[in-house]
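Student: 3D, please:
(chains A, B, C, D, E, F, G, H, I, J, K, L, M and N)
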There are 14 protein chains.
Amino acid sequence: MTTVHGLIALGAAFAVGVAAIGAGIGQGIASGKAFESIARQPEVSGTIRTLLFIALAFMETLTIYGLLIAFMLVGKIG
Amino acid sequence: MTTVHGLIALGAAFAVGVAAIGAGIGQGIASGKAFESIARQPEVSGTIRTLLFIALAFMETLTIYGLLIAFMLVGKIG
Amino acid sequence: MTTVHGLIALGAAFAVGVAAIGAGIGQGIASGKAFESIARQPEVSGTIRTLLFIALAFMETLTIYGLLIAFMLVGKIG
Amino acid sequence: MTTVHGLIALGAAFAVGVAAIGAGIGQGIASGKAFESIARQPEVSGTIRTLLFIALAFMETLTIYGLLIAFMLVGKIG
Amino acid sequence: MTTVHGLIALGAAFAVGVAAIGAGIGQGIASGKAFESIARQPEVSGTIRTLLFIALAFMETLTIYGLLIAFMLVGKIG
Amino acid sequence: MTTVHGLIALGAAFAVGVAAIGAGIGQGIASGKAFESIARQPEVSGTIRTLLFIALAFMETLTIYGLLIAFMLVGKIG
Amino acid sequence: MTTVHGLIALGAAFAVGVAAIGAGIGQGIASGKAFESIARQPEVSGTIRTLLFIALAFMETLTIYGLLIAFMLVGKIG
Amino acid sequence: MTTVHGLIALGAAFAVGVAAIGAGIGQGIASGKAFESIARQPEVSGTIRTLLFIALAFMETLTIYGLLIAFMLVGKIG
Amino acid sequence: MTTVHGLIALGAAFAVGVAAIGAGIGQGIASGKAFESIARQPEVSGTIRTLLFIALAFMETLTIYGLLIAFMLVGKIG
Amino acid sequence: MTTVHGLIALGAAFAVGVAAIGAGIGQGIASGKAFESIARQPEVSGTIRTLLFIALAFMETLTIYGLLIAFMLVGKIG
Amino acid sequence: MTTVHGLIALGAAFAVGVAAIGAGIGQGIASGKAFESIARQPEVSGTIRTLLFIALAFMETLTIYGLLIAFMLVGKIG
Amino acid sequence: MTTVHGLIALGAAFAVGVAAIGAGIGQGIASGKAFESIARQPEVSGTIRTLLFIALAFMETLTIYGLLIAFMLVGKIG
Amino acid sequence: MTTVHGLIALGAAFAVGVAAIGAGIGQGIASGKAFESIARQPEVSGTIRTLLFIALAFMETLTIYGLLIAFMLVGKIG
Amino acid sequence: MTTVHGLIALGAAFAVGVAAIGAGIGQGIASGKAFESIARQPEVSGTIRTLLFIALAFMETLTIYGLLIAFMLVGKIG
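Tutor: Residues are numbered from 1 along each chain as shown, chains lettered A, B, ... in the order given. Next up is the predicted model:
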């Protein structure tokens, strides 16, 4: 293995690590607000729960894009 | 493989990782506010749900641009 | 390929990644406030929806400028 | 191509990427407040819509300056 | 072992460390808001508890993606 | 072209990119507050509109200073 | 020992140090909100205490992932 | 031209770019508050307008200092 | 001693120093909120005191993980 | 000219650029609050105007210190 | 003395300096909230004083861990 | 002149530039709050004016310390 | 003197400079809240004054730890 | 003079510059809150004035520690 593999490994780590920052904070804000909304208006808890899952899935996807690139890069290290 | 492939790998990781930060935080804020709005005014939940999906899609697109560049760069590593 | 192609790849990634941060956060704030406004005053939801789409398009454009430069740079790697 | 072209490419990417951060956040704040104001006082929605477009155009211009420099720099890579 | 193993080790550390920042803050926000909501509306504590566990699991997953890449990279050091 | 031209290109990009951050955020805050004020007190909308244009022009000027230096530097690359 | 061991040591330190930032802030927010909620609604203190312990454990786990990678890396220094 | 000219160009760009960040944000805050104040108390709009122009001029001056140094440095590149 | 010992020393310092940032801020938030809660509802001060100690211990542990790695690394300097 | 002149030029730019950040934000906060105060209590506008000019002058001085050092450094480039 | 001693000195400084950031801010928040709570509910000032001292001691300990590592590293410079 | 003079020039610029950040923001906060306080309670404007001047002087002194070191360093460039 | 003395000097400066950031902000928050509390409840000013001095001393100590390490490092430059 | 003197000069500048950031912000917060408190409760202005001077002196001391180290380092440049 040469230095290039080290740089590729750094890249894989960067892709998955940094992509997780925004998604983590975003999921925290979204689910926190969802709990508040359910507490204020319990009769819409069904609608909000469904939307929360969709929103969490959207944000999870952002990190999965990073994970995808990370897997492709790890595959290059061989 | 030479050092240039390492730099390209770093670039691919940077594109998808950093592009996910803003989208993650933005989706969190947008969906959080959507839950609040539905809880305050349940009868507009239909309108807001549609707009939320459109807004989430807009923000998801920002990261997909980064993913696109990342795929093109990973393709250069060969 | 030489080191210069690596630097160009980093540039392409930087252009699209960083340009997406501000747009992502901005779209989140704008659409979040739009949901709130519709919930407070449902009868203006038509006006706000139109303005929201225009505002989202303006912000999307900022990242597309970055994507444009990124494509031009990726084209230089050859 | 030599290393200098790589540095010029980084410059082009920096100009358009960084210039988009402030404009993105600013457009988000401005349009978010515009929606709120229309919801509070629907009868001024005409005035605010016009001013919002002017403000968005001003902020878009900031990134276009960056894009301009980026095009000039990309033109130097040849 | 050569320098490349050092870079891979840095990558493994980066992946798990940085991925934990966003998840940590997000879990804190989400669970804090959950406690508040239960205190305001004790009769929805069941719904919120279930949603909290799901949200915490989503966020935990983000760091586990980072851990996964970290394990794969540590496995390359040999 | 030698490395010095690369550094000058980076400088041109830095001047216009960074100068646009503050102006973008500032213009967003100023125009957002202007919309709010017009909504609260519609009869002063004329005064505020004039002042908003002057304020936006002041902030635009800050980035134009950066653009000016960027043009002068791009002219040195030849 | 060669430079590679120094880089591995830096990696071990990075993994455990950075992973502790988010968890620390998150645990602070979560437990602070838990105290507030108990003070507002003392009769749900049992439910909140249980949930607080679960949430703290989730966040502690994030740092333990970093500690795990750190131990594995320290073990490589030999 | 030698590397020193590149460093001087970076300096010129840094002086004008960074000096514009604070002034941009400051002008945005100041003019935003001025609009709010005029909306609350329309009869003092004359006093506030005069003070706003003076304050904007003070802040503009900060960036002009940076522009001045930038011109002097660009003049050294020759 | 060679450069590697210097890097290990930097690692030990990083582990304990950075791990203390989050814990410090978190403990400050948690204990501040605990005081507020006791002042609002003095009769739950017993419950909150116990929970505060547990929360402080959880956060202290995060830094102790960093200290542990730091000790292991200092032991490698010999 | 040698590299040392480039470093001195960077220093001059740093002194004036960074010194302008704090002053710009500070002047914005101070004048914004001054406008608010005049709007709330128009009869003290004389006192506040005088104090505002003194405060702006104090903050302007901070950047002038940086400008002074910058001039002295530019004078060394020769 | 060789470069390694310089790196160890930097490490000692980093450990104690960075560890003091979080503790300083945390102690400020905690004691500020303690004063507020005593002012609102003077009759619990005894309980809060005791808890404040314990909390300050916990946070002080975080920096003392950094000081401990710093002493061990300074001892290696010899 | 040799590279050492360039580093000393950077030091002088750093001392005065960075020292001005905190003082600028601090003076802005302090004078802004002073204006507010005078507007709320005009009869204490004398006391507050005196205290404001003392506080501004304290903060100005912080930057003058930096200026002092900067002058001493500029004097070493010769 | 060799480069190692320069690194030790940087270390001494880092220890005392960075350790002062957190303490400065913390002391500002703590004393600001103390003034507020005394203004709200003048009869507890004795208790709060004593606690403020203790809290300020705790925070001052954090910087003194940094100063201690700085003195030890300066003593090594000889 | 050799490069080591340049590093020592950077150290002196760092010590005094960075130490002034926290103190500047802290003094601004503390004196701002003091003005507010005096405006709310003019009869405690004596107590608060005394405490403000003590608090400002505590924070000034933090920067003086940095100045002290800076003087000691400047003395080493010779």
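Student: the lengthiest helix in chain A and chain B, are they touching?
Tutor: Assignment by DSSP state H gives helix A:3-40 as the longest helix of chain A. Yes: between helix A:3-40 and chain B, judged by C-beta under 8 Å from any C-beta of the partner chain, the touching residues are A:3-8, A:10-19, A:21-30, A:32-34, A:36-38, A:40. C-beta coordinates here come from the backbone N, C-alpha and C atoms, glycine included.
Student: report whether that helix contacts chain I.
Tutor: No: using C-beta under 8 Å from any C-beta, we find that helix A:3-40 stays clear of chain I, coming within 14.1 Å at best.
Student: now the helix or strand following that helix: buried residues?
Tutor: Remark: after helix A:3-40, the chain's next helix or strand is helix A:45-77, criterion DSSP states H and E. Across helix A:45-77, burial judged by 16 or more other C-beta atoms under 10 Å in any protein chain shown covers A:45, A:47-49, A:51-52, A:55-56, A:58-74, A:76-77.
Student: and helix A:45-77, is it in reach of chain B?
Tutor: Yes: interface with chain B: helix A:45-77 contributes A:47-48, A:51-52, A:54-55, A:58-59, A:61-63, A:65-66, A:68-70, A:72-73, A:76 (C-beta under 8 Å from any C-beta).
Student: how about that helix and chain G, any contact?
Tutor: No: against chain G, helix A:45-77 shows no contacts by C-beta under 8 Å from any C-beta, the least distance being 14.4 Å.
Student: report pLDDT for the residue nearest to residue A:38 when sequence neighbours are not counted.
Tutor: Nearest residue to residue A:38, sequence neighbours excluded (C-beta to C-beta, 6 or more residues apart in numbering or on different chains): residue A:45, at 4.5 Å. We have a pLDDT of 90 for residue A:45.
Student: can you check residue A:6 too?
Tutor: pLDDT recorded at residue A:6 is 89.
Student: now do residue A:37
Tutor: 94.
Student: quick check: it touching residue B:38?
Tutor: Yes: using C-beta atoms under 8 Å, residue A:37 is in contact with residue B:38, at 6.6 Å.
Student: residues that sit against both of those two, list them.
Tutor: Counting by C-beta atoms under 8 Å, 6 or more residues apart in numbering or on different chains, the contacts common to residue A:37 and residue B:38 are A:44, A:48.
Student: got a quick PyMOL command for the buried subset of the residues of helix A:3-40 next to chain B?
Tutor: The following PyMOL line selects those of those that are buried, judged by 16+ other C-beta under 10 Å:
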select buried, chain A and resi 4+5+6+7+8+10+11+12+13+14+15+16+17+18+19+21+22+23+24+25+26+27+28+29+30+32+33+34+36+37+38+40
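Student: quick check: mean pLDDT of stretch A:63-72?
Tutor: Averaging pLDDT along stretch A:63-72 gives 95.
Student: coming back round to it: return the residues in contact with the residue nearest to residue A:38.
Tutor: Residue A:45 sits in contact with A:38, E:44, E:47, where contact means C-beta under 8 Å, 6+ apart.
Student: tell me who's in contact with the last one.
Tutor: The reference is to residue E:47. Taking C-beta under 8 Å, 6+ apart as the test, what residue E:47 contacts is A:38, A:42, A:45, A:49.
Student: then the first one?
Tutor: Residue A:38 is in contact with A:44, A:45, A:48, A:49, B:39, E:37, E:41, E:44, E:47, E:48, E:51, counting by C-beta under 8 Å, 6+ apart.
Student: and the contacts of residue E:47, which two are the farthest apart?
Tutor: Farthest apart among the contacts of residue E:47 by C-beta to C-beta are A:42 and A:49. That separation is 11.5 Å.
Student: check the closest residue to chain L within chain A and give its pLDDT.
Tutor: Closest to chain L within chain A is residue A:25: 25.2 Å, counting by C-beta to the nearest C-beta. Per-residue pLDDT puts residue A:25 at 96.
Student: same question, the one 4 residues further on
Tutor: Residue A:29 is assigned a predicted lDDT (pLDDT) of 96.
Student: give me every residue that touches the closest residue to residue A:78 other than its chain neighbours.
Tutor: Leaving aside its chain neighbours, residue A:78 sits nearest to residue A:5 (7.8 Å; criterion: C-beta to C-beta, 6+ apart). When contacts are counted by C-beta under 8 Å, 6+ apart, residue A:5 touches A:76, A:77, A:78, B:1, B:6, E:4, E:7, E:8, E:76.
Student: do residue A:37 as well
Tutor: With C-beta under 8 Å, 6+ apart, residue A:37 has these contacts: A:44, A:48, B:35, B:36, B:38, B:39.
Student: ok, the third one touching residue A:52?
Tutor: I take that to be residue B:35. Yes: between residue B:35 and residue A:52 a contact is recorded at 7.0 Å, counting by C-beta under 8 Å.
Student: pull the number of nearby residues for residue A:2.
Tutor: Using other C-beta atoms under 10 Å in any protein chain shown, residue A:2 is surrounded by 13 other residues.
Student: dihedrals phi and psi, it?
Tutor: Note on residue A:2: its backbone torsions stand at phi -120, psi 180 [degrees, to the nearest 10].
Student: now it. Nearest residue, chain neighbours left out?
Tutor: Nearest to residue A:2 is residue E:4, by C-beta to C-beta, 6+ apart, at 6.2 Å.
Student: what residues does chain A put near chain N?
Tutor: Taking C-beta under 8 Å from any C-beta, no part of chain A reaches chain N.
Student: quick check: the residue of chain A nearest chain D.
Tutor: Of all residues in chain A, the one sitting closest to chain D is residue A:22 (14.0 Å; C-beta to the nearest C-beta).
Student: now that residue: closest residue in space that isn't a chain neighbour?
Tutor: residue B:24 (2.6 Å).
Student: surely the one you found is in contact with residue A:28?
Tutor: No: Residue B:24 is not in contact with residue A:28 according to C-beta under 8 Å; the separation is 10.2 Å.
Student: give the contact list for the closest residue to residue A:3 other than its chain neighbours.
Tutor: Spatial nearest neighbour of residue A:3, chain neighbours left out: residue E:4 (5.6 Å); criterion: C-beta to C-beta, 6+ apart. With contact taken as C-beta under 8 Å, 6+ apart, residue E:4 is in contact with A:1, A:2, A:3, A:5, A:6.
Student: for chain J, see how far away residue A:55 is.
Tutor: 34 Å (C-beta to the nearest C-beta, to the nearest Å).
Student: where does that residue land on pLDDT?
Tutor: Note on residue A:55: pLDDT of 96.
Student: do the same with the one 5 residues further on
Tutor: The score at residue A:60 is 95. That number is its pLDDT.
Student: so residue A:73 makes contact with residue B:10?
Tutor: No: look at residue A:73 against residue B:10 with C-beta under 8 Å: they stay out of range, at 9.3 Å.
Student: shared neighbours, those two?
Tutor: With C-beta under 8 Å, 6+ apart as the test, residue A:73 and residue B:10 both reach residue A:11.
Student: can you report how many residues neighbour residue A:35?
Tutor: By other C-beta under 10 Å, the residues close to residue A:35 number 31.
Student: leaving out sequence neighbours, find the closest residue to it.
Tutor: With C-beta to C-beta, 6+ apart as the criterion, residue A:35 has its nearest non-adjacent residue at 4.2 Å, and that residue is residue E:37.
Student: show me the contacts for the nearest residue to residue A:56 once chain neighbours are set aside.
Tutor: Distance criterion C-beta to C-beta, 6+ apart; nearest residue to residue A:56, sequence neighbours excluded, is residue E:58 at 4.9 Å. Counting by C-beta under 8 Å, 6+ apart, residue E:58 touches A:27, A:31, A:56, A:60.
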